[in-house]
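Student: Got a predicted model here, sequence first, then my questions.
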Amino acid sequence: MGQADFFNSVAKKWDNMINIDESKINYLLDKLKIQEGDEILDIGTGTGVLIPFLNERVCTGRIKGVDISEGMLEVAKSKFNHLSNVNFDLVNVEKEDLKHKYDKIILYSMYPHLENKTQTISNLVKDSLKEDGILMIAHSDSREFLNNLHSSADERVHESILMEINEQKNVFINAGLKVTEAFENDEMYYVVIEKN
């Protein structure tokens, strides 16, 4: 029983389990510098929490939401299948080639769930991000809150923890990535990486 099973099991009630803070989400998305024609990849899209916020910023562009949970994607599709510029796909970004390059890639509230975190981010930047593209890891909660939540949660997610932000920044820099911003406080946690 893995993480996909866990997220499948909670998919139908997920939107009632989470808190969506619009001002924080918009603040974080500002860091992505989205242009209206961008192609955006939302990794770990879940039930599509970010889709309406991304869609507001993209006029002529496209949004692709991917997740490892079929149950989560079913909920997302039921909410957003009326949007012609949005599509969803069952993809494990750690194991599958995305076969496309994007202007912006966001991992919102999902980075701790990756098994090979640094390698996966390096591969995404190298293989799936366009030149001058931006990848962002973002959480609208603090590291302490999330780590406590995961450590006391279902055993399939209890090892999903975040590193102290400067440690995480240094891990990425040592992996050859260009980190342009890394920040955390008791409200949020984010890392911005540009393709150099």
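Tutor: Nice, I can see it.
Student: hmm, who's touching stretch 184-195?
Tutor: Stretch 184-195 is contacted from outside by 24, 27-28, 31-32, 121, 125, 129-146, 162, 164-165, 168-169, 172, 177-183, using Cβ atoms under 8 Å, 6 or more residues apart in numbering. In short, each C-beta sits where N, CA and C put it, glycine included.
Student: can you give me the end-to-end distance of that stretch?
Tutor: Start-to-end span of stretch 184-195 (Cα to Cα, to the nearest Å) is 22 Å.
Student: thinking again about what came up before, helices - which of the contacts of stretch 184-195 land there?
Tutor: 24, 27-28, 121, 143-146, 165, 168-169, 172 (DSSP state H).
Student: Just the buried residues of those residues.
Tutor: Neighbour counting by 16 or more other Cβ atoms under 10 Å classes 24, 28, 121, 143, 146, 165, 168-169, 172 among those as buried.
Student: quick check, nearest of the residues you listed to Asp89?
Tutor: Ile121 (19.5 Å; Cβ to Cβ).
Student: do you know how far the closest one is from Leu177?
Tutor: 7 Å (Cβ to Cβ, to the nearest Å).
Student: and what of Val66?
Tutor: Counting by Cβ to Cβ - Val66 and Leu177 are separated by 21 Å.
Student: circling back: can you lay out the ones in helices among the contacts of stretch 184-195 as JSON lines showing distance to Leu114?
Tutor: As requested, the ones in helices among the contacts of stretch 184-195 are exported to JSON lines (distance: Cβ to Cβ, whole Å):
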{"residue": "Lys24", "distance to Leu114": "22"}
{"residue": "Tyr27", "distance to Leu114": "24"}
{"residue": "Leu28", "distance to Leu114": "18"}
{"residue": "Ile121", "distance to Leu114": "8"}
{"residue": "Arg143", "distance to Leu114": "16"}
{"residue": "Glu144", "distance to Leu114": "20"}
{"residue": "Phe145", "distance to Leu114": "19"}
{"residue": "Leu146", "distance to Leu114": "14"}
{"residue": "Ile165", "distance to Leu114": "17"}
{"residue": "Gln168", "distance to Leu114": "12"}
{"residue": "Lys169", "distance to Leu114": "17"}
{"residue": "Phe172", "distance to Leu114": "13"}
